[in-house]
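# One predicted model, sequence on top.
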Amino acid sequence: MHHTIDVKNLHFSYPDGRKALNGVNLYIAPGEKVALVGPNGAGKSTLMLHLNGILRGDGEIQVCDQPVSDDNLGLVRASVGLVFQDPDDQLFSPTVFDDVAFGPLYMGLDPVDVQSRVEKALEAVGMGACRDRVSHHLSGGEKKRVAIATVLSMDPEILVLDEPTAGLDPRSRRGLIELLRALPQTMLVSTHDLAMVSELFKRTIVIDGGVVVGDGPTEEIMADPAFLVQHGLEAA
């Protein structure tokens, strides 16, 4: 069966010897939107950084039927759009337009194509009117949207988001949830926001101690408070 993401027996230790992943196995089907939850230090961010080859551990990872390897990192990174928890890690250009154009320009696309990709990406996140604004003057919610647009402009098949609602006020959070609901991409979203998980994701993967300890329908996982507490989570 075709899986958009397929991770088999993934192990990873940091240079200081701390084991972060202890044999992670998971797959995500095309078009699926899946939540990734677990306590701090469970390995969520480490796992996400493997999906486009920023970190490299032992095990097998395939993205869109391509192994994550030195030979095709370019292909993998074009397929997986990774949105960091802190948008300031992603926004560094003078204007919103420049930030969103950075990836397509780096890919060597011609200016007309870059222009249309930027407009389409900003439109998709509801930030079309902000193209000439200075990214650092935006609100937290606006920055998150622009960070997502910087990835959408690369036209990835998969979106991987780390704590997208962290630090947002209720209105910005609501807007971001509706945005994620509307985007067509396959999605893996790491979050502590279990209310969003219940609302948005049919399937949830629970990771703790660097292994997958739960994977199934969100409703079933959320209906087991003892399991959630055991793995450092609070029922929404």
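Noted; the coordinates are in hand. Residues are numbered from 1 along each chain as shown.
# Got phi/psi on Val197?
phi -60, psi -50 (degrees, to the nearest 10).
# from what I can see it touches Glu219, true?
No - counting by CB atoms under 8 Å, Val197 stays clear of Glu219, with 10.6 Å between them. C-beta coordinates here come from the backbone N, C-alpha and C atoms, glycine included.
# Give me the common contacts of the two.
Residues touching both Val197 and Glu219 (CB atoms under 8 Å, 6 or more residues apart in numbering): none.
# more crowded one of these two?
Neighbour tally, Val197 and Glu219, criterion other CB atoms under 10 Å: the higher count belongs to Val197, 22 against 11.
# quick one: the strands in this structure?
5-13, 19-28, 33-37, 58-63, 66-67, 80-83, 158-162, 186-190, 203-208, 211-217 (DSSP state E).
# any chance of those in JSON lines, with distance to Lys44 and mean neighbour count too?
Shown next, in JSON lines, are the strands of the chain (distance: least, CB to CB, whole Å; neighbours: other CB atoms under 10 Å):
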{"stretch": "strand 5-13", "distance to Lys44": "12", "mean neighbour count": "18"}
{"stretch": "strand 19-28", "distance to Lys44": "10", "mean neighbour count": "18"}
{"stretch": "strand 33-37", "distance to Lys44": "5", "mean neighbour count": "23"}
{"stretch": "strand 58-63", "distance to Lys44": "15", "mean neighbour count": "18"}
{"stretch": "strand 66-67", "distance to Lys44": "22", "mean neighbour count": "14"}
{"stretch": "strand 80-83", "distance to Lys44": "13", "mean neighbour count": "22"}
{"stretch": "strand 158-162", "distance to Lys44": "7", "mean neighbour count": "23"}
{"stretch": "strand 186-190", "distance to Lys44": "4", "mean neighbour count": "23"}
{"stretch": "strand 203-208", "distance to Lys44": "6", "mean neighbour count": "22"}
{"stretch": "strand 211-217", "distance to Lys44": "11", "mean neighbour count": "16"}
